[in-house]
Structure formats: C-alpha cells, structure tokens
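Colleague: could you work out the structure for the sequence below:
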Amino acid sequence: MDKRNYCLIEKYMLSCMEDSPHDKEHIYRVLYTALEIAKEETNVDYDVLITACLLHDIGRKEQYEDSSVCHAQVGGQKAFRFLQEHGFDNDFSEKVKQCIETHRFRNNNPPHSIEAKILFDADKIDATGALGIARTLMYKGIVAEPLYTVLPDGLVLNGENDTAPSFFQEYKRKLEGIYSKFYTVRGKEIARKRQQAAIDFYESMYNEVSLSYQNGKKLLLQIMESDD
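Modeller: All right, here's what the predicted structure looks like:
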C-alpha cells in the first residue's frame, strides 16, 4: 500500500472514531497485531488487510445511536462506498467490505478469507488479557453498568448465570471464552500469553468484593445486635 492511499484511508477512519473503548488507538493496535499475525500466513493481500483493519470500526457511531444496528454491517457498507468514491476497484472494495462484515465476535457470519480471519483474530486479541479487562471496564462505565450484581442476602454473583448486565457478566459471557475463538495459529499464541492476566484479575476482584460483603455484613449485624 502506498503512503498516499494509507493517509487517505486513515484520515477517513479518524473522522469516524468517537468511542473511547474503540478509539483510534484500538484501531492501530488491531492493525499492528494483524501485521504480526500475517507474517506467519501465506498469500495475504496486505492492501486489503491494512484497509480493513483501519476501517473495521467506522460503523460504531451508528450502533451507539441505534442498538439494533450492527456496526460490522454498517461499517462494511460505509467502507465500500468510501473506497468506490475514491477510485478503488469493485473487487478490492468488496474484499474489504467482507472482512469488516465478518469481524464481529457475536456474529453468525464467520470470516472466510485469510485477511478476514486475521482481522477477526487481531480484533479479538484486543479483548484479551489485561487490556481486554481495561477496555471492558471503560465501556461499562460509559454505558453506566455496574461491576457486579448483589442478591438481597448479600451474595455477590460471579457473572456465570447473571441476567443483569455487569462487568462480571461480560467476563463470563465473552472474555472468559474468547481464547477458543481464534482462527490463526499466531493469533492463538498471542491470546494465550495474555490469558492468565485476565483470569488473575477476575478472580482477585471477585474474591475481594465477596469477602468485603461477607465480613462487612457480619460486623454490621454484630454492632446492631450489641446496641439492642
């Protein structure tokens, strides 16, 4: 990819990014991770891969404005129109569109091309390890969802069967199982190296919160009983 085209595509990406957990730094991390994965693969079209990485989240604004909208679908359509308007041929534009449309974790449309699989893996790697925890906490703060759910008896739910949204629920629903979802060998290797950091954080946080409620409620009850 020549510098002029890169700068053109990057400029469009930057004009679309408004979401903190999916900001421009997320885009660059995904791009750089994708290039690391691509080194271990063959017949990779780097122009398609780089373009798809840069534009994969340009539909986020539309999804935040209307939760029924899939940012991957909208993003793919926006990318296709942009590329066509700027003289890229139909085959190239379609390949980029397909990469973007299939990069989403919760999607019944899996990636097929090697470029799409690399983008999928690179994007999911950004949800692994300590970084994945940090980005999830940032997102939960933006949408005003709690860290955890507490039952009336003071039991802190671990997220496994929670129906209410929380950080613990998101960890159990998505972050914990993401390590089995990768398509490329290198993607799996990178994710596995990060996995323990996420496990340690979740377990430490759950234990700290649970003990706080267990010990605190006992102490409070003792104080109230002594004052009767």
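
Colleague: lowest-confidence helix or strand of the chain?
Modeller: Across the helices and strands of the chain, mean confidence by mean pLDDT, DSSP states H and E is lowest for helix 60-65: a mean of 83.

Colleague: counting by contacts, list what that helix packs against.
Modeller: Contacts defined by 3 or more CB pairs under 8 Å, 6 or more residues apart in numbering; DSSP states H and E place helix 60-65 against helix 71-85. Glycine gets a C-beta too; all of them are placed from N, C-alpha and C.

Colleague: got the angle for the helix or strand that comes right after the helix it packs on vs helix 71-85?
Modeller: Next helix or strand after helix 71-85 toward the C-terminus (DSSP states H and E): helix 90-101. Orientation note: helix 90-101 sits at an angle of 160 degrees relative to helix 71-85 (axes from the mean of the first three to the mean of the last three CA atoms, to 10 degrees).

Colleague: OK, contacts around the most centrally placed residue in the chain?
Modeller: With distances taken as CA atoms, centre = their mean, Ala127 lies nearest the centre of the chain, 4.6 Å away. If a contact means CB atoms under 8 Å, 6 or more residues apart in numbering, then Ala127 has 105, 135-136, 174-175, 178 as its contacts.

Colleague: can you rerun that using 10 Å?
Modeller: 21, 26, 105, 133, 135-136, 170, 174-175, 178, 181, 191, 194, 198 (CB atoms under 10 Å, 6 or more residues apart in numbering).

Colleague: neighbours of Tyr183, just the number please.
Modeller: 18 (other CB atoms under 10 Å).

Colleague: now do the one 3 residues further on
Modeller: In terms of burial, Arg186 registers 19 neighbours under the definition other CB under 10 Å.

Colleague: check the offset of the helix or strand where it lies from the chain's centre.
Modeller: Using DSSP H and E, the element containing Arg186 is helix 185-226. Mean C-alpha position of helix 185-226 versus that of the full chain (CA atoms, centre = their mean, to the nearest Å) differs by 22 Å.

Colleague: which non-adjacent residue is nearest Phe182?
Modeller: Lys188 (4.5 Å; CB to CB, 6 or more residues apart in numbering).

Colleague: can you pull the contacts of that neighbour?
Modeller: Contacts of Lys188 (CB under 10 Å, 6+ apart): 37, 121, 125, 179-182.

Colleague: in PyMOL, select just the buried ones from those.
Modeller: Buried members of the contacts of Lys188, defined by 16 or more other CB atoms under 10 Å, are picked up in PyMOL with:
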select buried, resi 37+121+125+179+182
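
Colleague: among the contacts of Lys188, which one lies nearest to Pro165?
Modeller: Lys181 (21.0 Å; CB to CB).

Colleague: next one: that closest one, what pLDDT does it get?
Modeller: Looking at Lys181, its pLDDT reads 92.

Colleague: can you flag which of the contacts of Lys188 belong to helices?
Modeller: 37, 121, 125 (DSSP state H).

Colleague: a markdown table for these, including distance to Arg81 and pLDDT?
Modeller: Shown next, in a markdown table, are the ones in helices among the contacts of Lys188 (distance: CB to CB, whole Å; pLDDT from 0 to 100):
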| residue | distance to Arg81 | pLDDT |
| --- | --- | --- |
| Ile37 | 28 | 98 |
| Asp121 | 26 | 98 |
| Ile125 | 28 | 97 |
